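Engineer: fold the following, please.
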Amino acid sequence: MFLELIAVIFAGIAVAGVVMLINRATGGRLPRWTAPVAAGLAMIGVTVASEYGWYGRTVANLPEGLVVAEAVEKRSLYRPWTYVVAYHDRFVAVDTATLRSHPAAPEQFLAEVFFFGRWAPISQLSTVMDCQSWRRGVVEAKTEFSETGEISGVEWVSPPEDDSLLTTVCGA
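Structural biologist: Predicted structure coming up:
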């Protein structure tokens, strides 16, 4: 966040400097307000580019095996350009490289789910996915795994058929 603030400030200073050089080269024919307006527009432009580029940069830097299950688009009243093209400000990824299942219950997986958000720390959640019954649950302290592959102490959720987490893990 701090580096992006520095980038925005430097963009404003650089564009203001270029406009002042152009003004000097043209013999002072530009209005006095041109440099600060150009600097402000440059700062807004860099901020918008940073907002729209965050998702792509973050996904490109994900380690192998981490698959994006769902991305959330956002529109804001104070960012009117987002009504033309929405941007992604958070997404959920599943670590498919570390999926685990019990030999007696091959349709149930233990998966690590990561929640990424713009200006937010990354959160991690261990979940159990049951592909056969199309349900999922969060692993808690009271969750127990038996030798036979049965799972107890999980509050199962039965999401709709297009659930992005189950679709990513089960490949449906």
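Engineer: helices or strands next to the top helix by length along the chain in the packing?
Structural biologist: Secondary structure of the chain per DSSP state H: the longest helix is helix 34-60. The contact analysis (3 or more CB pairs under 8 Å, 6 or more residues apart in numbering; DSSP states H and E) places helix 34-60 against helix 2-25, strand 87-95. The C-beta positions use only the backbone N, C-alpha and C, and glycine is treated the same way.
Engineer: now do the domain split for this protein, please.
Structural biologist: 2-61, 87-170 (automatic domain parsing).
Engineer: distance between the ends of the shortest one?
Structural biologist: With CA to CA, to the nearest Å applied, domain 2-61 spans 20 Å between its terminal residues.
Engineer: what about that domain, average pLDDT?
Structural biologist: Averaging pLDDT along domain 2-61 yields 95.
Engineer: for residue 19, grab the count of nearby residues.
Structural biologist: Neighbourhood size, residue 19 [other CB atoms under 10 Å]: 18.
Engineer: same check on residue 114?
Structural biologist: 17.
Engineer: wait, is it part of a helix?
Structural biologist: No - using DSSP: H, G, I helix; E, B strand; the rest coil, the assignment for residue 114 is strand, not a helix.
Engineer: then residue 160 would be within a helix, right?
Structural biologist: No - assessed with three-state DSSP, residue 160 is coil; it does not lie in a helix.
Engineer: helices or strands up against whichever strand or helix holds residue 122?
Structural biologist: Using DSSP states H and E, residue 122 falls within strand 120-130. Judged by 3+ CB pairs under 8 Å, 6+ apart, strand 120-130 is in contact with strand 105-117, strand 135-138, helix 164-170.
Engineer: now, of these, which is deepest in the fold?
Structural biologist: Mean neighbour count, computed with mean count of other CB atoms under 10 Å, is highest for helix 164-170 among the helices and strands packed on strand 120-130, reaching a mean of 19.
Engineer: put together JSON lines for the domains of the chain, with distance to residue 75 on each row.
Structural biologist: Output for the domains of the chain, formatted as JSON lines (distance: least, CB to CB, whole Å):
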{"stretch": "domain 2-61", "distance to residue 75": "12"}
{"stretch": "domain 87-170", "distance to residue 75": "8"}
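Engineer: contacts for the strand holding residue 122 next, please.
Structural biologist: 90, 107-116, 136-139, 143, 151, 154, 156, 165-166, 169-170 (CB atoms under 8 Å, 6 or more residues apart in numbering).
Engineer: OK, contacts around the spatially closest residue to residue 14 that is not a sequence neighbour?
Structural biologist: Among residues not flanking residue 14 along the chain, residue 42 sits closest, at 7.4 Å (CB to CB, 6 or more residues apart in numbering). Contacts for residue 42 (CB under 8 Å, 6+ apart) come out as 11, 12, 14, 15, 16.
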